[in-house]
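> Could you work out the structure for the sequence below:
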Amino acid sequence: MQYIVLLSVLLIGANAQLSATRDQECKENESFQTCGTACEPTCGLPTPTFCTLQCVMGCQCNSGFFRRTSDNRCVEQKDCNVAANETIPIPPPATNLTCPVNEVSNECHNPCTEKKCPQKNAPQVNCLMACQVGCSCMDGFVRNNQGVCVKEAECPAIGSQTCGTNEEPNQCHNACFEKKCPVKPQPLVNCMEKCDIGCSCKKGFLRNRQGQCVNPTECPATGSTLTCSKNEEPNDCHNSCSEAKCPVNPQPFVRCMMRCEKACSCKKGLVRNRQGQCVKLAECPPTGKTDTNPCALVLCKPGHRCTMSTGQATCVPGSTDENPCNLVDCRTGHQCSMSTGKPTCVPDYSDTPSPLFPGNGSDINIQITPCSTMKCSAGTECMEVQKNCTEPPCGFQGVCVNTTEVPVGGCATMRCSAGTTCQEALVKCAKAPCPSHAACIPNSNETLSSCAAVTCPVGEICTETLVQCFVEPCPPLVSCTPINSTVINSTTTSDSGCASVSCPVGERCEETTMACLMAPCPKAVSCVPMNGNQNSTARQGCDVVRCRANEVCEEQKVDCVKAPCPMQVACVSIVHLNSTTPAPGSTCAKNQTMSDCLNTCSEDKCPGMSKSMMCTKHCGQGCACASGYLRSSDGECYKPKDCPPECGQNEEYRCEKCAGTCKNPEPNCPGPKNKSCKRACICAPGFVKKNGKCVTLASCPDHDHTNITCLGTQEYTDCMPKCQQLCSGAQQCETGMEIAMCTPGCVCRPNYKLDSNGDCVHNRHCFKTTECPDNEEWSKCLSNDNQCDLASISMIANKDQCFSGCVCADGFARNNNGTCVASDKC
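Residues are numbered from 1 along each chain as shown. As a prediction, this is how the structure comes out:
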């Protein structure tokens, strides 16, 4: 009751200024209310059952009368069904209102939600999201206790805050979010993100039911421990939605919230049935006639197989030469696997393949794939194809195809995008030879993509070779080769073609243009017999290439569209590995020795520096780390125990005295060999440490930021974010902006977003000034957006996860590029 009185006082004060609203003339059977009910009785709902404690100012029906929606009149209940004789009056437009100083007319005015001067111990009020014509405070102004709109700085001082025991003043107190003593059952509360001046419990204290801040040990007991039913166990993070359940047919599409509650979950290996009991998967009711197979639970002796006879599983003689799993039929969702020499039905394999190369890098990873457990009929073979799924990575499934249709397996038929490389690993099978499983693995971060970022050793030069790929732009193959080496185009000799080829007697050189993905296509050079009846020596590659003195020909297979793939041929200088005489004038730094075959890519490095998986075999003369030493990111060689730490972004491992500050950004820096140099990770030149991060000098407090003026809906920040949230639901990101580079500026306050005009507006007002792109419309719930991959699935919106924004209009769906297109063009 006291909340209503307090709120009434506020609204009565506001009423003195809302002259246009206050002086409006009420109709018959109506009277003006300064604090009327939010749920006025109507003909359709004479007695409202639930209503918020909120004041609504305006004309309302007198006692005993009800609002008739047909003409908006207040009538007795017996006249509710009488037809109205006049049209509904149109409320006066907001433009005709005469508002006091610092106020503007507003067609969606709400005195309850309007911002007011802060008040000590202000009550928490739930406001009804309703609009009425009235006068609102201008931007940058708030309403004081007298109902006048003033600047926030002109609000009266609240005075000193007197707090209770174990409490402290807080300028952003929220009683809903404050930590409290635990209770059972734990209620689910939705809190509003708002700040009030008040008293909060000190750190380490909780508020009890009496409103006092006490030590957690003084909180009342919450009752006995959780008692679970049969086959259940207590779980601090139970989720009834995502818990494993008995399969049903058809399987519904359900989106579960990632939330935890303390409750009882089924024990490991059990699922919950429709009666709420935890049972074994085999005890679940059948979902279809193909789901239950008695043979899946029968193990026959060697030389026999299970078959169905008169509705029962029976063991009959069978071939002993075939895979034992071929004699077992497992039910849907299971597959046969050999366990301790016996065929056993186990749940299906995981669609997510395990890593191809474990940490030690020496053992070949073995994993079960669809084709390793699939049985195809005579004349067909199993081929793995990628499944269609809504979120990558998509798994694989086995398909039986004619033998003549099966292409060359492994990486020969794998299409990897730019930045990834195809790699193979053996898979487990019942009968040798076992097939291989191919997968696209992302290249190491150290993979070189341009000669601009490569420093080659002495006597070598960086070369870029254009490779063929399926997704442009194609990355060049970067490698360091000896200066006097001659690299020959893939599958061909040099540009001179047959000019550098020596064919045997009776054969001639022939050039053939290869099929490739990107022009110009290379030419393959080979020796063919001059006489068509003569047998060819079929010489290609290094067999037909003449190299210069002190050079040797090398061959390496290249990736191609269709097997067999040709060879890449190159003339490489002969390197003498036993040479101990360094090049004239070449000296190596401490802990380094001259090497005639140095490969900086494959050289052993300090922990934290990733070693590239895509290093070439070429080597040249240069300074290598001595035996027992490792290369660090600073280019020096250290013993493993002395390796420096890996520094963060915008940091370098240098002398501590070289670290710049806002007052002295360029200090006198001693050299690395100076005795006073104590090395550590410090900010790189041009950066200074602030809040634990290395930021630009522009973030220093002595820099002039007076030219930056933020609006009332914005707040100042030393470090502008890379992306800002838009009203439409998308993000606006700065292109070419370094993430770690801090630039001061203004950002939207919490609960505010950028509208179509680039202004910060409150979430609730986004729809007023936001224009949705083509084929999109405004929605109160973004989870209702149609996705191309989910266009045929009916989804139920989760009200707890709804945010307003732009969604695809009816008949349109959002594709992978984020654009709404016609559903039939997905």
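> Model confidence score at the residue nearest to Thr307 when sequence neighbours are not counted, please.
In space, and not counting its chain neighbours, Thr307 is closest to Val316: 5.5 Å by Cβ to Cβ, 6 or more residues apart in numbering. Where C-beta positions appear, they are placed from N, C-alpha and C, glycine not excepted. With respect to pLDDT, Val316 scores 80.
> and Val316, what does it touch?
304-307, 309 (Cβ atoms under 8 Å, 6 or more residues apart in numbering).
> Let me know the closest of those residues to Thr587.
The nearest member of the contacts of Val316 to Thr587, counting by Cβ to Cβ, is Arg305 at 76.4 Å.
> just checking, what packs against the helix or strand hosting the closest one?
In this structure, Arg305 sits in strand 304-309 according to DSSP states H and E. Secondary-structure packing of strand 304-309 (3 or more Cβ pairs under 8 Å, 6 or more residues apart in numbering; DSSP states H and E): strand 312-317.
> just to revisit the earlier point, what pairs with the strand holding Arg305, parallel or antiparallel?
With DSSP bridges as the test, strand 304-309 is paired with strand 312-317 (antiparallel).
> and the next element down the chain from the lowest-mean-pLDDT helix or strand in the chain?
Using mean pLDDT, DSSP states H and E, strand 486-490 stands out as the lowest-scoring helix or strand of the chain, at a mean of 35. Later in the chain than strand 486-490, the nearest helix or strand by DSSP H and E is strand 507-513.
> got the buried residues for that following strand?
By neighbour count on 16 or more other Cβ atoms under 10 Å, the buried set for strand 507-513 is 507, 509.
> Alpha carbons of that strand, as PDB, please.
Backbone C-alpha positions of strand 507-513 (Å, rounded to 0.1, in the frame of the first residue of the first chain) are rendered in PDB as follows:
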ATOM      1  CA  GLU A 507      61.500 -41.000 -79.500                       C
ATOM      2  CA  ARG A 508      60.500 -37.400 -79.800                       C
ATOM      3  CA  CYS A 509      59.500 -34.800 -77.200                       C
ATOM      4  CA  GLU A 510      55.800 -34.000 -77.000                       C
ATOM      5  CA  GLU A 511      54.000 -31.200 -75.000                       C
ATOM      6  CA  THR A 512      50.500 -31.600 -73.800                       C
ATOM      7  CA  THR A 513      48.400 -28.900 -72.100                       C
END
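> Given it, what are its sheet partners and their directions?
As assigned by DSSP bridges, strand 507-513 forms pairs with strand 523-529 (antiparallel).
> avg pLDDT for the strand it pairs with?
69.
> Tell me where the stretch 151-300 of the chain has strands.
167-173, 196-201, 206-207, 213-214, 232-238, 261-266, 270-272, 278-280 (DSSP state E, counting those that start in this stretch).
> The last one pairs with which strands, parallel or anti?
Pointing back at strand 278-280 there. Strand 278-280 is paired, per DSSP bridges, with strand 270-272 (antiparallel).
> what does the strand it pairs with rub up against?
Contacts of strand 270-272 (Cβ under 8 Å, 6+ apart): 231, 243-246, 266, 278-281, 284.
> What ranges does this protein have for its helices?
2-15, 19-22, 766-769 (DSSP state H).
> pLDDT averaged over the longest one - what is it?
It refers to helix 2-15. Per-residue scores along helix 2-15 average to 43.
> and what of the second one?
Taken as a whole, helix 19-22 has an average pLDDT of 42.
> just the last one next, same as before
The average pLDDT for helix 766-769 rounds to 77.
> buried stuff in it?
Those would be 766-767, for helix 766-769 by 16+ other Cβ under 10 Å.
> what are the bridge partners for Arg207, then?
Here Arg207, judged by DSSP bridges, has bridge partners Lys180, Cys213.
> so it makes contact with Cys201?
Yes. Applying Cβ atoms under 8 Å, one finds Arg207 in contact with Cys201, separated by 5.5 Å.
> list residues touching both of the two?
Common neighbours of Arg207 and Cys201 (Cβ under 8 Å, 6+ apart) are 178-179, 213.
> before we move on, back to that, nearest to Cys781 among the contacts of strand 270-272?
Glu243 (25.8 Å).
> Give the burial count for that closest one, as a bare number.
15 (other Cβ atoms under 10 Å).
> Let me know the distance separating it from Asn231.
13 Å (Cβ to Cβ, to the nearest Å).
> picking up where we left off before, among the strands of the stretch 151-300 of the chain, which is nearest Pro721?
Taking the strands of the stretch 151-300 of the chain one by one with Cβ to Cβ, strand 167-173 is closest: 21.3 Å.
> by contact count, what packs against the closest one?
For strand 167-173, where contacts count as 3+ Cβ pairs under 8 Å, 6+ apart, the packed elements are strand 196-201.
> Now the strand it packs on: buried residues?
Per 16+ other Cβ under 10 Å, strand 196-201 contains these buried residues: 196-201.
> now those as TSV including distance to Ser105?
As requested, these are arranged in TSV below (distance: Cβ to Cβ, whole Å):
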residue	distance to Ser105
Asp196	30
Ile197	31
Gly198	34
Cys199	39
Ser200	39
Cys201	44
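> possible to save these as JSON lines with pLDDT and distance to Tyr638?
Shown next, in JSON lines, are those (pLDDT from 0 to 100; distance: Cβ to Cβ, whole Å):
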{"residue": "Asp196", "pLDDT": "74", "distance to Tyr638": "57"}
{"residue": "Ile197", "pLDDT": "74", "distance to Tyr638": "57"}
{"residue": "Gly198", "pLDDT": "79", "distance to Tyr638": "57"}
{"residue": "Cys199", "pLDDT": "86", "distance to Tyr638": "56"}
{"residue": "Ser200", "pLDDT": "89", "distance to Tyr638": "51"}
{"residue": "Cys201", "pLDDT": "92", "distance to Tyr638": "51"}
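> Just the closest of those to Asn273, please.
Of the buried residues of strand 196-201, the one sitting nearest to Asn273 (Cβ to Cβ) turns out to be Cys201, at 45.0 Å.
> Give me the nearest residue to the closest one, chain neighbours excluded.
Cys213 (3.8 Å).
> I'd say that neighbour and Glu168 touch.
No. In this structure, Cys213 is not within contact of Glu168 by Cβ under 8 Å, at 9.3 Å.
> Give me the common contacts of these two.
By Cβ under 8 Å, 6+ apart, the residues touching both Cys213 and Glu168 are Lys202.
> how near is Cys117 to Ala153?
Cys117 is 11 Å from Ala153, by Cβ to Cβ.
> re earlier: tell me which residues of the strand holding Arg305 are tucked away?
305-307.
> Can you get me the start-to-end distance on stretch 150-167?
End-to-end distance of stretch 150-167: 32 Å, with Cα to Cα, to the nearest Å as the criterion.
> One more: stretch 248-262?
27 Å.
> returning to what we had before: Cys601: which of the strands of the stretch 151-300 of the chain is closest?
Short answer: strand 232-238, nearest of those by Cβ to Cβ, at 45.3 Å.
> Would you mind listing the buried residues in stretch 164-174?
166-167, 170, 173-174.
> Just the buried residues of stretch 622-634, please?
622-625, 629-633.
> possible to save those residues as TSV with distance to Leu726?
Converted to TSV, the buried residues of stretch 622-634 look like this (distance: Cβ to Cβ, whole Å):
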residue	distance to Leu726
Gly622	52
Cys623	53
Ala624	53
Cys625	52
Tyr629	53
Leu630	48
Arg631	46
Ser632	44
Ser633	39
